[in-house]
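Participant: whatever this is, show me its structure:
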Amino acid sequence: MNQLKISTRLGILIAILAFGLVLIGSIGLYGMAKGDAAMDDSYNDSTVMIAKIDQIKYLMLTNRLAVANAVVEKLEWRIKKSTDEIQANTAQINTMWASYMAGPMVPEEAQLAKTFADKRAIYVQAGLNPALAALRANDLAETERLMVEKMRYNYEVVSKAADALTKFQLNEAKANFEANSARYHTIRAISITSIVVGLFIAVALGLQLLRSITIPLRRAAEVSEAIAQGDLTQTVDTTGNNEIAQLMRAVNHMQTSLVSVVSHVRQGSESVATASAEIAQGNQDLSNRTESQASALEQTAASMEELSSTVKQNADNARQANQLA
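Facilitator: As a prediction, this is how the structure comes out:
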């Protein structure tokens with residue numbers, strides 16, 4: 001890791017954090033999408049279908065009550081109203097059932113729907129339609145017989161078939177709920193695990209990056225302070241290719257250069273000291289020679305004085321000789 005630059009390590013840390021953020025966000029979006037799809041399926045494939053089946057059962061029961069009311073009241077307007085109501089309800093049931101059959105079905109549901117359709121066809125053909133025809137013919141006795149002998153039993157059979165469809169839809173809704181709940185717990189576990197792992201990786205990389213920066217910088221400061229105090233014997237670790245390693249190599253190069261400069265200065269000082277000693281010796285020799293020359297000059301001066309005295313004496317003698325002559 002120390003072979004990587006600090007910028008590269010920071011980039012890796014940011015990339016890991018960004019990846020974790022995208023991963024957790026994607027998991028959350030996936031869970032939301034699946035949850036929305038499950039809610040849509042639960043509504044359209046179960047709730048709506050259950051409502052249609054219950055509405056069909058309600059309309060079938062309304063038809064039975066309309067027949068019973070017509071038989072009980074025996075009024076012409078009631079009979080007409082009941083026949084019109086039965087006809088309208090039957091058309092509405094046919095429309096709703098066609099809509100139900102147009103939706104997607106699994107094989108089990110298709111079989112239950114076929115059973116319901118068959119039982120209802122028997123109920124309509126053997127009970128409801130003949131009773132409706134008898135009502136229109138004002139044959140209330142035949143209508144009552146059909147209501148008791150045909151419609152009651154067949155209605156119960158059709159009702160049980162409708163209840164089977166309703167139970168299937170409820171089981172499907174429950175299965176969808178359980179699958180969605182299991183998916184939620186799975187996504188939650190994955191999200192929590194991703195968050196924990198991401199935090200662990202981020203903390204570990206952050207601490208490692210912090211140590212890799214602060215420790216070498218502290219060492220660089222210590223070396224620089226020691227060099228400033230005149231200690232040029234510090235050991236500098238220059239391994240690695242990152243910015244800190246470059247700084248440590250620069251500090252080491254500075255220390256090496258200072259050692260070289262100090263060595264050259266020492267050598268120059270020694271040369272200057274030697275030359276100074278030689279100059280001092282030369283000055284001493286020159287002083288000695290100067291003293292010798294001064295002594296010789298003094299001797300010369302004494303000789304010149306003696307010579308001058310002798311010349312003066314000779315001149316005096318010569319003058320005396322001239323006088324004597």
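Participant: rest of the way, CA atoms for contacts and neighbours
Facilitator: Fine.
Participant: elements contacting the lengthiest helix in the chain?
Facilitator: In the chain, assigned by DSSP state H, the helix with the most residues is helix 243-324. On a contact count with 3 or more Cα pairs under 8 Å, 6 or more residues apart in numbering; DSSP states H and E, helix 243-324 meets helix 152-228.
Participant: redo that, cut-off 10 Å
Facilitator: Secondary-structure packing of helix 243-324 (3 or more Cα pairs under 10 Å, 6 or more residues apart in numbering; DSSP states H and E): helix 6-41, helix 152-228.
Participant: and it, how far from the chain's centre?
Facilitator: 84 Å (Cα atoms, centre = their mean, to the nearest Å).
Participant: thinking again about what came up before, can I get the helices and strands packed on helix 243-324 in JSON lines including mean neighbour count?
Facilitator: Formatted as JSON lines, the helices and strands packed on helix 243-324 follow (neighbours: other Cα atoms under 10 Å):
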{"stretch": "helix 6-41", "mean neighbour count": "15"}
{"stretch": "helix 152-228", "mean neighbour count": "16"}
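Participant: between those helices, which gets the lowest average pLDDT?
Facilitator: When these are compared on mean pLDDT, helix 6-41 scores lowest, with a mean of 77.
Participant: what helices or strands is that helix leaning on?
Facilitator: helix 152-228, helix 243-324.
Participant: before we move on, the earlier item: distance to residue 303 added to the helices and strands packed on helix 243-324, as TSV?
Facilitator: Below are those laid out as TSV (distance: least, Cα to Cα, whole Å):
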stretch	distance to residue 303
helix 6-41	94
helix 152-228	70
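Participant: nearest to residue 56, out of those helices?
Facilitator: helix 152-228 (8.7 Å; Cα to Cα).
Participant: now the closest one and helix 6-41, what's the angle there?
Facilitator: 170 degrees (axes from the mean of the first three to the mean of the last three Cα atoms, to 10 degrees).
Participant: how far out from the middle of the chain is helix 152-228?
Facilitator: Averaging C-alpha positions (Cα atoms, centre = their mean) puts helix 152-228 13 Å from its chain's average.
Participant: between that helix and helix 243-324, how big is the angle?
Facilitator: Helix 152-228 runs at 10 degrees relative to helix 243-324, counting by the same axes, to 10 degrees.
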